[in-house]
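Chemist: how would this look folded up:
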Amino acid sequence: MMKYFTLMIFTLVLFSGCNSKETSKQSSAHTTPPFTVKCKNAALPEFTLDYDSRPSEKEVNALCSCLWDKLIGWEKETVIKLTSGKQNEVSSLNMTAFPARFGKRINECGGDKL
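Modeler: I've put the predicted structure just below:
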């Protein structure tokens, strides 16, 4: 149940945070699934990029490193708790704010351009 909840949060992050493509492009049928990013840093959750994203392993590693470096104190604490199954230890304020902040960090690190 907690994995599902965490996956749901990060899916919402991507749809709200990486929403810079044209609306008409989003409404068209996609034949391939979005690219799933799996960072080697276990504290960072899996997340998806846009449907036409196909970054290289080097680009994924750079994105993951950038994301970890860009996260500030409470964001790092929140992501660690979420990925380790301790959602009940995350304040409702942080739980509400985190998805948008994580999406912003993905954009800052160029994830929306991969």
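Chemist: any idea how far R105 is from C39?
Modeler: For C39, the distance to R105 (Cβ to Cβ, to the nearest Å) stands at 12 Å. Using the backbone N, CA and C atoms, a C-beta is placed for each residue, glycine as well.
Chemist: who touches both of those two?
Modeler: L67 (Cβ atoms under 8 Å, 6 or more residues apart in numbering).
Chemist: okay, those two: which has more neighbours?
Modeler: The neighbour count for C39 versus R105, taken as other Cβ atoms under 10 Å, is higher for R105 (22 against 17).
Chemist: middle-most residue in this structure, spatially?
Modeler: By Cα atoms, centre = their mean, the chain has its centre lying nearest to F47, at 4.3 Å.
Chemist: what's opposite it in the beta bridge?
Modeler: V37 (DSSP bridges).
Chemist: just to check, it is in contact with V37?
Modeler: Yes. Counting by Cβ atoms under 8 Å, V37 is a contact partner of F47 at 5.4 Å.
Chemist: which residue is the nearest non-sequential neighbour of K70?
Modeler: Leaving aside its sequence neighbours, K70 sits nearest to R105 (Cβ to Cβ, 6 or more residues apart in numbering; 4.6 Å).
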